[in-house]
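Enquirer: just to be clear, the model below is a prediction. Sequence and coordinates:
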Amino acid sequence: MRKVRTPFLIVNPKSYLYGEKSLELAKAADKVAEDTGVEIFFTCPFADIRYIAENTKNIIVTAQHMESLRPGRGMGHVLPESLKAAGAEAVFLNHAENSCTVAELYTTMNRAKELEMLTVVCADSVVESRAIAEMKPDILLSEPTDLIGTGETADDSYVLEMTEQIHDVNPEILIMIASGVNSPEDVYNIIKLGADGTGATSGIIGAPDPARMVREMAEAMAKADKEKKEEQCDENV
């Protein structure tokens, strides 16, 4: 399974983009990943996964969802093997717009592990985040559901508490804080506060130049990470 470098940025167009427009932004994100060294996940509709995977080399192509079924019967459902074969290296699970039952979430996470696909699993509250942390996702995305798409980010105390609570359960999990991320400044602040990654939908798609916004967010992320490491070195001297 691919090891995720930190910090990481998730470019998540949801269903706002598809086909050529989706590929256009994916290629731009691919170039940003190459230029900045920032790990970038790129989500896309199921039908675009192969299209994007075959035309990029640096981004982690990510499915927006999948189910736990196995090859065979299951007409109309999302087969994990089909996503993997198309080129998906990661999968989003339990997003507020497509939530799972606890049983289905756990089973689907295990299916992803069987196929060596990275899991990005969403949670809202501290309680839900701690519960999901017990299931050992690769990345735990904590975001207040009511802030999604608002352009308003969670306050600093939310970032600090989530980081502490999740690492209390499992220090190996990578922590992503998102929802309402709208600018490079938001990205910078979240990484400086201790998160491993962040991402955006409307903050990127709604920008006058989405490709430029991806680049500015990645550069802000790299700057915050560099400063954080320098500060840690100074403390250890």
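Expert: On my side now, so go ahead.
Enquirer: now the helices for the chain?
Expert: With DSSP state H as the criterion, the chain has helices at 19-36, 49-53, 80-86, 102-114, 126-133, 156-169, 184-192, 202-205, 210-236.
Enquirer: closest to residue 63 out of those helices?
Expert: Closest approach to residue 63 among those is made by helix 80-86 (4.7 Å; Cβ to Cβ). In this view, the C-beta of every residue, glycine as well, is placed from N, C-alpha and C.
Enquirer: not counting its neighbours along the chain, what's nearest residue 213?
Expert: residue 207 (3.9 Å; Cβ to Cβ, 6 or more residues apart in numbering).
Enquirer: how many residues are close by that neighbour?
Expert: 17 (other Cβ atoms under 10 Å).
Enquirer: which pLDDT value belongs to it?
Expert: pLDDT, residue 207: 96.
Enquirer: which secondary structure elements does the helix or strand of the chain with the lowest mean pLDDT contact?
Expert: Lowest on mean pLDDT, DSSP states H and E among the helices and strands of the chain sits helix 156-169, with a mean of 86. Judged by 3 or more Cβ pairs under 8 Å, 6 or more residues apart in numbering; DSSP states H and E, the packing partners of helix 156-169 are helix 126-133, strand 139-142, strand 174-177.
Enquirer: let's see that helix as PDB, backbone CA atoms only.
Expert: Extracted in PDB, the C-alpha atoms of helix 156-169 (Å, rounded to 0.1, in the frame of the first residue of the first chain):
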ATOM      1  CA  ASP A 156      -8.600  26.600  16.500                       C
ATOM      2  CA  SER A 157      -9.900  24.800  19.600                       C
ATOM      3  CA  TYR A 158     -11.700  22.200  17.400                       C
ATOM      4  CA  VAL A 159      -8.500  21.400  15.500                       C
ATOM      5  CA  LEU A 160      -6.400  21.100  18.700                       C
ATOM      6  CA  GLU A 161      -9.000  19.000  20.500                       C
ATOM      7  CA  MET A 162      -9.600  16.600  17.600                       C
ATOM      8  CA  THR A 163      -5.900  16.100  17.100                       C
ATOM      9  CA  GLU A 164      -5.400  15.300  20.800                       C
ATOM     10  CA  GLN A 165      -8.500  13.000  21.000                       C
ATOM     11  CA  ILE A 166      -7.700  11.000  17.900                       C
ATOM     12  CA  HIS A 167      -4.100  10.500  18.800                       C
ATOM     13  CA  ASP A 168      -5.200   9.400  22.300                       C
ATOM     14  CA  VAL A 169      -6.900   6.500  20.600                       C
END
